[in-house]
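Enquirer: Kindly return the folded structure for what I paste below:
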Amino acid sequence: MDRLEIRRPDDWHVHFREGEVLRAVVPFTARQFARAIVMPNLVPPVTDGARARAYRDEIMAALPPDTSFEPLMTCYLTDGLDPAVMDDEVFTAAKLYPAHATTNSAHGVTDIAGLRPVLERMQRLGKPLLIHGEVTHPEVDVFDREAVFVETVLAGLRRDFPELKIVLEHVTTADGIAFVEEADGPTAATITPHHLVIDRNDLLVGGIRPHLYCLPVAKRRRHRDALRRAAVSGSPRFFLGTDTAPHAVRDKETACGCAGIFCAPTALEVYAEVFDEEGALDRLEAFASLNGPAFYGLAANEERILLERQPVEAPGPLTVGGDSILPFRAGERLEWRIGQA
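Expert: As a prediction, this is how the structure comes out:
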């Protein structure tokens, strides 16, 4: 199969940042995806409807002319958040960051038990809870943080809120995959393109590669392989979420480099490569275009997009002001490209 036409996909996990960076990166997502779940970890975070609407307007203003794209806004959960905030129609979902788990998560939740009123409201409204699934206890090894979260936190949330839609975002472990597959109630996970391709050897062997550093961090090869099996399985519980997260090269290449991979410029092409390698191109449309809308209760897109097997070089650094942002796989050969449907 050298040509594959699918419904236009959606990206269920995006970081756009703000200002100059946002204006530079939004077009990369909008060229491929019809909708995107926009993460709220700004400074200050998106915790009310007015902030969400202003952010949505900024995203829309950054779209190239004649581009059809819909940002779906999320609320940043904090200790003591008023449950009534979730009644606002601007919010499609809410994001749970354990405090200090990742970029701009200092305002995150320190006591998940205290979220009960908010989660009960979300369960009643049918709004999904999107979870960065890692514990932050200093005694837990960074490579075990997702597995410990699944066992000690996520299982309890699933039990206590049986009708709440829960998405384990950017799942990275076989433990997370198994939980999603076996859980009762509406449970799903997003899978990034980079976690389908890299493992911790790619990050650490032969020197530290800061542009492959993200959170959750890439794990052992067996976990990467579990992600690939889940993505191509056809299960409606797994769908596309890039977790594209731009950072300036100077912030990545420091003694304490920022976590995040800017994968938007090459995301769909990399997903196509993985599904091709796994002999599952016929299941890419479900993963990229159907499973996510079904879980969120939205219609699949009618517009179509074409993927062609045609080698192309991945784009190089993006200049933003006086900084550069390096895309995932920059300068490398990609086996698939987006064509005209």
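
Enquirer: Tell me who's in contact with the closest residue to residue 122 other than its chain neighbours.
Expert: Nearest residue to residue 122, sequence neighbours excluded (Cβ to Cβ, 6 or more residues apart in numbering): residue 86, at 5.5 Å. The C-beta positions use only the backbone N, C-alpha and C, and glycine is treated the same way. Going by Cβ atoms under 8 Å, 6 or more residues apart in numbering, residue 86 touches 75, 94, 118, 121, 122, 125, 127.

Enquirer: As JSON lines, those residues with pLDDT, neighbour count and secondary structure would be great.
Expert: What follows is these, written out as JSON lines (pLDDT from 0 to 100; neighbours: other Cβ atoms under 10 Å; DSSP: H, G, I helix; E, B strand; the rest coil):
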{"residue": "75", "pLDDT": "98", "neighbour count": "27", "secondary structure": "strand"}
{"residue": "94", "pLDDT": "98", "neighbour count": "24", "secondary structure": "strand"}
{"residue": "118", "pLDDT": "98", "neighbour count": "23", "secondary structure": "helix"}
{"residue": "121", "pLDDT": "98", "neighbour count": "18", "secondary structure": "helix"}
{"residue": "122", "pLDDT": "98", "neighbour count": "25", "secondary structure": "helix"}
{"residue": "125", "pLDDT": "98", "neighbour count": "15", "secondary structure": "helix"}
{"residue": "127", "pLDDT": "98", "neighbour count": "22", "secondary structure": "coil"}
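
Enquirer: Just put those residues in CSV and tack on distance to residue 195.
Expert: Converted to CSV, the contacts of residue 86 look like this (distance: Cβ to Cβ, whole Å):
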residue, distance to residue 195
75, 25
94, 23
118, 29
121, 31
122, 26
125, 30
127, 26
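
Enquirer: For residue 192, state which of those residues is nearest.
Expert: Closest approach to residue 192 among the contacts of residue 86 (Cβ to Cβ): residue 94, at 20.3 Å.

Enquirer: Tell me if I'm right that the closest one and residue 121 touch.
Expert: No: using Cβ atoms under 8 Å, residue 94 is not in contact with residue 121, being 9.6 Å away.

Enquirer: picking that back up, quick check: pLDDT value at the residue nearest to residue 122.
Expert: At residue 86, the model reports a pLDDT of 98.

Enquirer: which SS state does it fall under?
Expert: Reduced to three states with DSSP: H, G, I helix; E, B strand; the rest coil, the structure at residue 86 is helix.

Enquirer: what about it, distance to residue 99?
Expert: Distance, residue 86 to residue 99, by Cβ to Cβ, to the nearest Å: 20 Å.

Enquirer: And for residue 297?
Expert: 30 Å.

Enquirer: Same check on residue 323?
Expert: 28 Å.

Enquirer: Neighbour count: the two, which is higher?
Expert: Neighbour comparison, residue 323 and residue 99: the larger count goes to residue 323, with 17 against 14 (by other Cβ atoms under 10 Å).

Enquirer: List the contacts of the more buried one.
Expert: 248, 249, 250.

Enquirer: and of those residues, the nearest to residue 207?
Expert: Once Cβ to Cβ is applied, the member of the contacts of residue 323 that ends up nearest residue 207 is residue 249, at 16.4 Å.

Enquirer: Not counting its neighbours along the chain, what's nearest the closest one?
Expert: residue 324 (4.6 Å).

Enquirer: Now the one you found: which helix or strand?
Expert: Assigned by DSSP states H and E, residue 324 falls within strand 323-325.

Enquirer: Please verify my assumption that residue 202 contacts residue 211.
Expert: No: at 10.6 Å, residue 202 does not count as touching residue 211 under the criterion of Cβ under 8 Å.

Enquirer: okay, the two: which has more neighbours?
Expert: Neighbours per residue, other Cβ under 10 Å: of residue 202 and residue 211, the larger number sits with residue 211, 20 against 15.

Enquirer: okay, the more buried one: pLDDT?
Expert: Residue 211 is assigned a pLDDT of 97 by the prediction.

Enquirer: I'd like the distance between it and residue 223.
Expert: Note on residue 211: its distance to residue 223, by Cβ to Cβ, is 20 Å.

Enquirer: before we move on, what about residue 106?
Expert: 28 Å.

Enquirer: How about residue 166?
Expert: Residue 166 is 20 Å from residue 223, by Cβ to Cβ.

Enquirer: Could I get the full set of helices for the stretch 151-300 of the chain?
Expert: 155-160, 174-182, 200-204, 221-231, 249-252, 267-277, 284-285, 291-296 (DSSP state H, counting those that start in this stretch).

Enquirer: how many other residues sit next to the closest residue to residue 226 other than its chain neighbours?
Expert: Leaving aside its chain neighbours, residue 226 sits nearest to residue 174 (3.8 Å; criterion: Cβ to Cβ, 6+ apart). Here the count is done by other Cβ under 10 Å, and residue 174 has 19 residues near it.

Enquirer: Am I right that residue 174 is in contact with residue 223?
Expert: Yes: in this structure, residue 174 is within contact of residue 223 by Cβ under 8 Å, at 5.2 Å.

Enquirer: so how far is the strand holding residue 324 from its chain's centroid?
Expert: 21 Å (Cα atoms, centre = their mean, to the nearest Å).

Enquirer: centre of the chain versus the longest strand along the chain, how much separation?
Expert: If you go by DSSP state E, the chain has its longest strand at strand 304-313. Distance of strand 304-313 from the chain centroid (Cα atoms, centre = their mean) equals 22 Å.
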